[in-house]
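Chemist: Sequence and predicted structure below; questions after.
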Amino acid sequence: MKALKYLNKYFIKYKFQLILGLIITVLAKIFALFVPQIIGQSIDIVTDYKNGVVTELSDVRTQLFYNILYIIGAALISGAFTFLMRQLIIVTSRKIEFDLKNEIFRQYELLSLNFYKKHRTGDLMNRINEDVSKVRMYFGPAIMYSINMVVLFIVAIVEMLKIDVKLTLYTMIPFPILSISIYYLSKMINERTTIVQQYLSHLTTIAQEKFSGISIIKSYGIEPDTIREFEEVSNTSKEKNIHLYKVQALFFPMMIFLIGISNIIVIYIGGKQYIDGRINLGTIAEFLIYVNMLTWPVAIVGWVTSIIQQAEASQKRINEFLHETPEIQNNNSSPSEIQGDIIFDDVTYTYEDTNITALDHISFHVKQGQTIGILGKTGSGKSTILNLVSRLYDVSEGEIKIDNTDIKKVNLDDLRKNIGFVPQEAFLFSDSIENNIKFGDEDADEQKVIQAAKDAYVHHNIETFKEGYQTFVGERGVTLSGGQKQRISIARAIIKNPKVLIFDDCLSAVDTETEEKILSNLYRVSRGKTTFIVSHRISSVKHADQIIILEQGKVIQRGTHNSLLKKDGFYKELYEQQLMEKEL
């Protein structure tokens, strides 16, 4: 149970509820154990009457009537305490589930982009859902039934020892066998549960990927192939589950068998003692009830053990991510005022997963309020520069300065709050258009949202929708065109009113006429803001204060639009090519 030690902090947090649950459990079981004693007394009363020890039938009837009332009262009180116990422990387990899910989600939010490159979405979802549910069972039913079992076992055994030590010891003969069996079965359950959870993650990942790429699957007509692939993984997952439940299925028959042996021992040994006149018939009945009262707690040992082993396996998987240290750390807890003066000083960056050097000793300076245009072929390192400015990655070599301070020493939260980022692949959330725009400023009023949409030249499109700004865009904005998604992403960045604006080839899905209108608005909106524009089109960057051309991670040209046109090279060739295409 090493992995479950991580959860001890939740025991401390909710210690009062759990301790109160324990106390109530003890009380419930004490009242429950009155019943066998009263039944034993009742049988002895009837036996004494038949043997002539008691002669008055009315006295027997009166005593039996009172005993029935005692049994009903004890059962009602025990039931009420049991209800309170469930309310305390099960509700507490739900609170712990809530806390743990939030803790995992916060950790997911802190982890760097490299982490998400190494792990699939389905696996992340499975750990925060299925694995946490397994852990919740450990805090709820497992603890509740364990307390129930231990308390009942101790109280019952103490009562049995008070009555007859020899008979109690004979009754306990099967229990060592039970303990050894539980040990070996638990070990097998833990191993097989880990495998089951791994395959469940794999199955969730495949389903998530297929649903996300359903348009591609349908376009290529490969539905039968994807169904076959899913069935293969699903069948393997089924086999692993069956493999697990075959072991789990051994618990209950084994428990019932061993309890049955205890019953036989009670009847045989107790019967001999009764014949010899050493115990009463009521004592045998009382013992049988005690043994059978222990049947469920002892039988539940198997189920509880299974729950704990599954929780152990799941928490081990959860701990892998909770113990992961984010690569990008906020090294400054004090507020940082961002103005937007940015310097790249001999910066090199190599991607860890591919070992590709995306940037190779590049340097440039963008003063506060200036605009820099970045051009280059695919894979030249354009987007990497933008990711480094946002500190989604940290440089391998060299230094990036924000307002003459090393970017690593700037408060990370303040840095990102002052950046408006429009990615190359526009991402919209499954929400209304208005809320997607307000993602940049959740306190924005309607007028501010409309103005941002106008600046992004998407307001006229939104007006044509039946629900207007309340139009639900679907998952990843699937109901909108590529150009509309890009422009809503631009509106989201504009409404934030940041110190730094970053546009990563965000006009690739719009025509040149629309591009010109958007750019005209952007030059007005970005006045006084440090702006990065990455593009494949000269028209997007020609008004920038400086333009750099990248090739294989190195700066091969730099200057203004006019100065670069005077030099032979990539920029002039691209300009002439795009001018010719426009004329055609």
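Modeler: Perfect, I can see it now.
Chemist: quick one: contacts for Asn292?
Modeler: With contact set as C-beta atoms under 8 Å, 6 or more residues apart in numbering, Asn292 has these partners: 259, 263. Backbone N, C-alpha and C define where each C-beta goes, glycine included.
Chemist: Could I get the pLDDT score of it?
Modeler: The model reports Asn292 with a pLDDT of 75.
Chemist: Show me what the helix or strand hosting Ile437 is packed against.
Modeler: Element membership of Ile437, judged by DSSP states H and E, is helix 433-437. Contact here means 3 or more C-beta pairs under 8 Å, 6 or more residues apart in numbering; DSSP states H and E; on that basis helix 433-437 packs against helix 446-455, helix 482-495.
Chemist: Give me the mean pLDDT for it.
Modeler: On average, helix 433-437 scores 89.
Chemist: Touching that helix from outside, list them.
Modeler: Against helix 433-437 from outside (C-beta under 8 Å, 6+ apart): 428-429, 444, 446, 449, 452-453, 462, 465, 468-471, 473, 477, 488, 491-492, 495.
Chemist: Check stretch 158-169 too.
Modeler: Residues from elsewhere that reach stretch 158-169 (C-beta under 8 Å, 6+ apart): 33, 36-37, 157, 171, 266, 269-270, 273, 279, 283, 286-287, 290.
Chemist: Among these, which lie within helices?
Modeler: Secondary structure from DSSP state H places 36-37, 157, 171, 266, 269-270, 273, 283, 286-287, 290 of the contacts of stretch 158-169 in helices.
Chemist: buried subset of those residues?
Modeler: Among those, those classed as buried by neighbour count (16 or more other C-beta atoms under 10 Å) are 36-37, 171, 266, 269-270, 273, 283, 286-287, 290.
Chemist: Quick check: the farthest pair among these?
Modeler: Maximum pairwise distance in those, criterion C-beta to C-beta, is 20.1 Å, between Gln37 and Ile269.
Chemist: mind checking which helix or strand the nearest residue to Ile77 once chain neighbours are set aside is in?
Modeler: Once flanking residues are discounted, Ile77 sits nearest to Phe31: 4.7 Å by C-beta to C-beta, 6 or more residues apart in numbering. Phe31 is part of helix 15-32 when elements are defined by DSSP H and E.
Chemist: And for Glu442?
Modeler: Following DSSP H and E, one finds Glu442 outside all helices and strands.
Chemist: So what does it look like in phi/psi?
Modeler: With angles defined as degrees, to the nearest 10, Glu442 sits at phi -70, psi -20.
Chemist: Would you map the strands across the protein?
Modeler: Listed in chain order, the strands found in the chain under DSSP state E are 342-350, 357-366, 371-376, 397-402, 405-406, 419-422, 500-504, 530-534, 546-551, 554-559.
Chemist: which residues touch the fifth one?
Modeler: Put plainly, it is strand 405-406. Taking C-beta under 8 Å, 6+ apart as the rule, strand 405-406 contacts 336, 399-400.
Chemist: and it, average pLDDT?
Modeler: Mean pLDDT, strand 405-406: 92.
Chemist: Relative to that strand, what are the paired strands and their orientations?
Modeler: Counting by DSSP bridges, the strands paired with strand 405-406 are strand 397-402 (antiparallel).
Chemist: what does the partner strand rub up against?
Modeler: Counting by C-beta under 8 Å, 6+ apart, 338, 340-348, 361, 363, 388-389, 406-407, 410, 415 sit against strand 397-402.
Chemist: Identify all contacting residues around stretch 272-286.
Modeler: Residues outside stretch 272-286 that contact it (C-beta under 8 Å, 6+ apart) are 36-37, 39-44, 47, 163-164, 166-167, 266-267, 270-271.
Chemist: picking up where we left off before, counting by contacts, list what the helix holding Phe31 packs against.
Modeler: Against helix 15-32 (3+ C-beta pairs under 8 Å, 6+ apart) you get helix 57-110, helix 143-163.
Chemist: From the chain's centre, how far out is that helix? Work that out for me.
Modeler: Its chain's C-alpha centre and that of helix 15-32 lie 32 Å apart, by C-alpha atoms, centre = their mean, to the nearest Å.
Chemist: Next up, the contacts around Glu327.
Modeler: By C-beta under 8 Å, 6+ apart, the contact list for Glu327 reads 112, 114-115, 393-394.
Chemist: Could you report the distance from it to Tyr393?
Modeler: As judged by C-beta to C-beta, to the nearest Å, Glu327 and Tyr393 stand 8 Å apart.
Chemist: quick one: Leu507 from Glu516, how far?
Modeler: 10 Å.
Chemist: rewinding a little: so which of the contacts of Glu327 is the closest to Gly52?
Modeler: Nearest to Gly52 out of the contacts of Glu327 is Phe115 (C-beta to C-beta; 83.9 Å).
Chemist: For Asn8, see how far away the closest residue to the closest one other than its chain neighbours is.
Modeler: Closest residue to Phe115 apart from its sequence neighbours, by C-beta to C-beta, 6+ apart: Glu324 at 6.5 Å. Distance, Glu324 to Asn8, using C-beta to C-beta: 20 Å.
Chemist: the more surrounded of the two?
Modeler: A count of neighbours by other C-beta atoms under 10 Å puts Glu324 above the other of Glu324 and Asn8, at 16 against 9.
Chemist: May I have the phi/psi pair for that one?
Modeler: phi -70, psi 130.
Chemist: contacting residues for the residue nearest to the spatial centre of the chain?
Modeler: Nearest residue to the geometric centre of the chain (C-alpha atoms, centre = their mean): Ile128, 2.0 Å. Shown in contact with Ile128 (C-beta under 8 Å, 6+ apart): 101, 104-105, 108.
Chemist: From these, keep the buried residues only.
Modeler: With burial judged by 16+ other C-beta under 10 Å, the buried subset of the contacts of Ile128 is 101, 104, 108.
Chemist: In contact with the last one, which residues are there?
Modeler: Read it as Tyr108. Tyr108 sits in contact with 124, 128, 321, where contact means C-beta under 8 Å, 6+ apart.
Chemist: Quickly note the distance from Arg86 to Ser306.
Modeler: For Arg86, the distance to Ser306 equals 20 Å [C-beta to C-beta].
Chemist: can you tell me how far Glu239 sits from Lys246?
Modeler: 11 Å.
Chemist: what do you get for Leu57?
Modeler: Distance, Leu57 to Lys246, using C-beta to C-beta: 57 Å.
Chemist: Next: Ser336.
Modeler: Per C-beta to C-beta, Ser336 is found 59 Å from Lys246.
Chemist: Looking at these two, which one has more neighbours?
Modeler: Between Ser336 and Lys246, counted using other C-beta under 10 Å, the more crowded position is Ser336 (17 against 11).
Chemist: Could you give the number of residues near the nearest residue to that one once chain neighbours are set aside?
Modeler: Leaving aside its sequence neighbours, Ser336 sits nearest to Asn411 (C-beta to C-beta, 6+ apart; 3.9 Å). Counted with other C-beta under 10 Å, residues neighbouring Asn411 total 17.
Chemist: just checking, Asn411 touches Glu337?
Modeler: No: using C-beta atoms under 8 Å, Asn411 is not in contact with Glu337, being 9.3 Å away.
Chemist: one step back: among the contacts of Tyr108, which are in helices?
Modeler: Among the contacts of Tyr108, the ones falling in helices (DSSP H) are 124, 321.
Chemist: which one of the contacts of Tyr108 is nearest Lys2?
Modeler: Nearest to Lys2 among these, counting by C-beta to C-beta, is Phe321 at 16.7 Å.
Chemist: and the closest one, how far is that from Tyr116?
Modeler: Using C-beta to C-beta, Phe321 is found at 11 Å from Tyr116.
Chemist: try Ile217
Modeler: Counting by C-beta to C-beta, the gap from Ile217 to Tyr116 is 23 Å.
Chemist: in stretch 142-157, what counts as buried?
Modeler: 142-149, 151-153, 155-156.
Chemist: now those in TSV, with distance to Ser262 and pLDDT?
Modeler: Below are those laid out as TSV (distance: C-beta to C-beta, whole Å; pLDDT from 0 to 100):
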residue	distance to Ser262	pLDDT
Ala142	24	84
Ile143	26	83
Met144	24	81
Tyr145	20	80
Ser146	21	82
Ile147	22	80
Asn148	19	78
Met149	15	78
Val151	19	79
Leu152	15	78
Phe153	13	79
Val155	17	78
Ala156	12	79
